[in-house]
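In: Prediction below, plus the sequence it came from.
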Amino acid sequence: MSIYVGNLSYEVTREDLTEIFAEYGSVKRVQLPVDRETGRMRGFGFVEMSSDAEEDAAIEALDGAEWMGRDMRVNKAKPREESRGGGGGGGRSGGDRRGGFSQRY
């Protein structure tokens, strides 16, 4: 499982998160997503630890704790929902370039 860590400072680094979570056990991986357009950290991250007990201890101790001037939100990460596709689009559907409707066979 993974831990979601929210409301992080935009200056936080992987090393910062590793250091604070290492107080509760062995940190296996830290991810800090960045915005594709700006390259700036998005204010949240994910931490994986070696055991559920270590994750539970970190969540208990750190949820709501003030760190780097912000109150962290720390909880079990929820599985990512699969994209349903579709979406977007817009415009006129069913019409041809002249504005009429095309026949479908």
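Out: Perfect, thanks for sending it. Worth saying up front: this structure is predicted, and the values here are computed from it rather than measured.

In: Could you identify the helix or strand that succeeds the longest helix anywhere in the chain?
Out: Taking DSSP state H as the criterion, the chain has its longest helix at helix 52-62. Sequence order places strand 66-67 as the next helix or strand after helix 52-62, per DSSP states H and E.

In: List the contacts of the longest helix of the chain.
Out: The contact list for helix 52-62 (C-beta atoms under 8 Å, 6 or more residues apart in numbering) reads 1, 3, 5, 20-21, 23-26, 47, 49, 72, 74-76. Every residue, glycine included, has its C-beta placed from N, CA and C.

In: Report the distance from stretch 57-65 to the chain centre.
Out: 18 Å (C-alpha atoms, centre = their mean, to the nearest Å).

In: in that stretch, what's buried?
Out: 57-59, 62 (16 or more other C-beta atoms under 10 Å).

In: again, but for stretch 23-42
Out: 24-25, 27, 30, 32, 41.

In: Can I have the buried ones of the contacts of helix 52-62 as a PyMOL selection?
Out: Remark: buried members of the contacts of helix 52-62, expressed as a PyMOL selection using 16+ other C-beta under 10 Å:
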select buried, resi 3+5+20+21+24+25+47+49+72+74
